[in-house]
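In: here are the coordinates; sequence isn't available:
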């Protein structure tokens, strides 16, 4: 059974930095692409960033490019999202996710199967 558990979300101010973590279990973590998505109040869930199983490839949404960095530690079965220069528009529930198949680099929400419960990030102006 795949389990993804996010942590690190909290209330911050505009311009602050924050790091989210996601602990994974129940899958061969080092062979799976991992993704971060977010859902703002009243909106759909949007792609934020993805990292390949080796960490050698990353991909970002235009809205976070240059501000957010996705990384992973395969020895710890964890993936991270380092967020800097946070803006009120970054306020959302952030989700960690994995696709159904290993060794595939995907970025679309519909291509992800496993989801965590989410962690709330609120950026005050």
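Out: Yep, that arrived. Not measured: the values here are computed from a predicted model. Numbering: from 1, shown residues only.
In: just the strands in this protein please.
Out: Assigned by DSSP state E, the strands in the chain fall at 3-7, 11-13, 18-25, 34-39, 45-51, 58-60, 68-73, 78-83, 92-98, 114-115, 119-124.
In: Sheet-wise, list the partners of the fourth one with their directions.
Out: Using DSSP bridges, the strands paired with strand 34-39 are strand 45-51 (antiparallel), strand 92-98 (antiparallel).
In: can you redo those as TSV with mean neighbour count and distance to residue 33?
Out: Quick note: C-beta positions are derived from backbone N, CA and C, even for glycine. Converted to TSV, the strands paired with strand 34-39 look like this (neighbours: other CB atoms under 10 Å; distance: least, CB to CB, whole Å):
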stretch	mean neighbour count	distance to residue 33
strand 45-51	21	6
strand 92-98	24	7
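In: could you dump those strands to CSV with mean pLDDT?
Out: What follows is the strands paired with strand 34-39, written out as CSV (pLDDT from 0 to 100):
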stretch, mean pLDDT
strand 45-51, 97
strand 92-98, 97
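In: Perfect, I'm done here.
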